[in-house]
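Visitor: Generate a structure from the sequence data that follows.
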Amino acid sequence: MHGLDDGVVRLREWADEDAGWYAESVRDPLIQRFTTDSPSLDAAQVRAAIERLRQADDRAGFLVCDSATGQRLGNIALEHDGQAGEISYWVAAQGRGRGVATRAVILFSAWIFQHMGLREVWLRVHRDNAASQQVAVRAGYRRDPRRDKSQQVKGEVWPMLGYTLVQAES
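Guide: Residues are numbered from 1 along each chain as shown. Have a look, this model is predicted:
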């Protein structure tokens, strides 16, 4: 795939030269508050993760960019079992408040159903992350308490709310 684009947001494959940007971006306090990435992540670790992603059959992920400028705006990823999968995402400070996350989730979800053959995707957001809850709803996901889960992250218990999107019947 050479990228997905809706005229505002483009999803493209990760390149090794994106690693430094990713490592720097995840240090943002808001990203640290709501993602599992370590604040000490470095570019070498990100490059290794990009290489693992290229080799993996059970995951996919893309860099979220501005369609017009190519500016890096965020990350979106999938882990799946061949039938269903979980997506995760974050948007860097320069991309927030512009609908970037919603557009990326819509593009990625459609791509997952078309190219990965999954029947269902879900996402989990921290109970305190109201913006991400709104992204899920605007992207067509429905609140799914069956997907709620508390998880241990960075020494805390995170209450996570589940949202599900099922492939439309054709």
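Visitor: okay but D5 is in contact with S67, surely?
Guide: Yes: using C-beta atoms under 8 Å, D5 is in contact with S67, at 5.3 Å. No exception for glycine: its C-beta is placed from N, CA and C like everyone else's.
Visitor: Could you list the low-confidence segments of this structure?
Guide: Low-confidence regions of the chain, defined by pLDDT under 70, span residues 1-3, 169-170.
Visitor: Could you pull up the residues touching the nearest residue to D148 once chain neighbours are set aside?
Guide: Leaving aside its chain neighbours, D148 sits nearest to G162 (5.0 Å; criterion: C-beta to C-beta, 6 or more residues apart in numbering). Taking C-beta atoms under 8 Å, 6 or more residues apart in numbering, we find G162 in contact with W122, L123, R124, R143, D144, P145, R146, R147, D148, K149.
Visitor: The nearest residue to M160 once chain neighbours are set aside - how many residues pack around it?
Guide: Nearest non-adjacent residue to M160, counting by C-beta to C-beta, 6+ apart: R124, 4.0 Å away. Neighbourhood size, R124 [other C-beta atoms under 10 Å]: 22.
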